[in-house]
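Peer 1: Pasted the sequence and its predicted model underneath.
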Amino acid sequence: MNYIFKIIFIFLFCNSLLAEEAIFHKNLKIKKEDTTVNVKGGFKIIREKFYKNFKKENNLDYNFLEVTKNNPRYGNTALQLTLGVGCIGSKADCKRANFESKKRVEVSAKKIGKKNDNVWMTMSVLIPEDFKFGGRLTIQQWHNDIEVYEPMLETDLKNFVGLTMKNGSMKGYFVLDKPNKNCSAGSGDGSTGANFCPKAYQEFKLLNWEELTNLKGKWIDIIHNINFHSDPEKGYFKIWVNGDLKVDEKGQTIWKTHGDVEKYFGKNRWDFKFGIYTTSKMAYKLYFDEIWIKRSCKNLKLDRLGYSCKKLNEQNGGVKPFVIKDISGNPNLAGTL
């Protein structure tokens, strides 16, 4: 009898471990036949060891990331990302040089980007009906593999504003020879011998506040087509939300490499992240599904979401930026954006 109880205990214990460890498995332990994520090389939670230890040390009663079968956008599973109150992250995030306190749980694609690259992406996000907005939540970033640069493009949920897209690479950066705590987190420590402060940014409103709040409890489908290029005449990005073209913008979409930065910090190529990243101390929960990255619209297989490449590409127009801040003509203002 004791032997049987031991077997049952081991079985239950191992299954609880599998449920807990699943979020840190390569490609988030989603079965190959499911459609939740689809990118060459797969996805992985950022700083997985840190989050394992953080949960254990702080006796948290929730998982940062879980695979759920509850109400997926398509297929059998979706991803649930959760952040509790307070600052949850590394010391570098919780006590930044510019006195900000940021927290995050993010998932990143394997390093498959190129400096000059044309990519297509789908991402569906669901905001729960009981979700409480607060400040700005970054839910997706087209970052650079070189962390001393800021994101080129990011998707945000902004309180009383809506769903927005920020383009930070439109005019490149100032190069400073001394630390500036108000520039990007990685560049403000002087470790590169130079600091990089964006010269300008623009923001586009993909959904206004009323539209966004009315979609709580419903899946929002986001599609990107980006031509990554440091030449503003060759770079562009297009964004569709629920099948409607929202942004069709031309310009620089990746940073120009400076000096020895690439030698010491990695290749100058795009990097993709999604999740929850914010300065707010509130608790948040979001759902993500159908995160695909391909190099052609055809390979996205948009019919699974009810769209077609033909209908997307037939659309013209898009909204104009509702915010434009440009200090490119005044280097003395570097770090004030």
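Peer 2: Cool, the structure landed.
Peer 1: show me the contacts for the residue nearest in space to the middle of the chain.
Peer 2: When Cα atoms, centre = their mean is applied to the chain, the residue found nearest the centroid is residue 140 (2.3 Å). Taking Cβ atoms under 8 Å, 6 or more residues apart in numbering, we find residue 140 in contact with 123, 154-155, 222, 272-274. Bear in mind the C-beta positions are built from the backbone N, C-alpha and C, glycine included.
Peer 1: cool, residue 200 as well?
Peer 2: Contacts of residue 200 by Cβ under 8 Å, 6+ apart are 170-171, 324-328, 337.
Peer 1: That one bridge partners, please.
Peer 2: For residue 200, the beta-bridge partners are residue 326 (DSSP bridges).
Peer 1: how about stretch 230-237: buried residues?
Peer 2: 230, 235-237 (16 or more other Cβ atoms under 10 Å).
Peer 1: Quick one: classify the residue nearest to the centre of the chain as helix, strand or coil.
Peer 2: strand (DSSP: H, G, I helix; E, B strand; the rest coil).
Peer 1: how near is it to residue 328?
Peer 2: Counting by Cβ to Cβ, to the nearest Å, the gap from residue 140 to residue 328 is 26 Å.
Peer 1: mind exporting stretch 259-277 as PDB, just the C-alpha atoms?
Peer 2: Only the C-alpha atoms of stretch 259-277 are listed here, as PDB (Å, rounded to 0.1, in the frame of the first residue of the first chain):
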ATOM      1  CA  GLY A 259      31.900  52.200 -34.400                       C
ATOM      2  CA  ASP A 260      32.700  49.100 -32.400                       C
ATOM      3  CA  VAL A 261      29.200  48.500 -31.000                       C
ATOM      4  CA  GLU A 262      28.500  45.500 -33.300                       C
ATOM      5  CA  LYS A 263      31.900  44.100 -32.400                       C
ATOM      6  CA  TYR A 264      31.200  44.000 -28.700                       C
ATOM      7  CA  PHE A 265      27.500  43.800 -28.400                       C
ATOM      8  CA  GLY A 266      26.200  41.600 -31.300                       C
ATOM      9  CA  LYS A 267      24.900  41.900 -34.800                       C
ATOM     10  CA  ASN A 268      22.900  44.900 -35.900                       C
ATOM     11  CA  ARG A 269      19.700  43.000 -36.800                       C
ATOM     12  CA  TRP A 270      16.000  43.000 -35.700                       C
ATOM     13  CA  ASP A 271      14.900  41.200 -32.600                       C
ATOM     14  CA  PHE A 272      11.200  40.400 -31.800                       C
ATOM     15  CA  LYS A 273       9.700  40.500 -28.300                       C
ATOM     16  CA  PHE A 274       6.100  40.300 -27.000                       C
ATOM     17  CA  GLY A 275       4.600  40.300 -23.500                       C
ATOM     18  CA  ILE A 276       4.100  42.900 -20.700                       C
ATOM     19  CA  TYR A 277       6.600  45.700 -20.100                       C
END
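Peer 1: Now do the strands in the stretch 1-150 of the chain.
Peer 2: Listed in chain order, the strands of the stretch 1-150 of the chain (DSSP state E, counting those that start in this stretch) span 37-38, 43-45, 65-68, 78-83, 103-109, 117-126, 136-144.
Peer 1: among the ones you listed, which is nearest residue 241?
Peer 2: Taking Cβ to Cβ, strand 117-126 is the member of the strands of the stretch 1-150 of the chain nearest to residue 241, at 10.4 Å.
Peer 1: Good, wrapping up.
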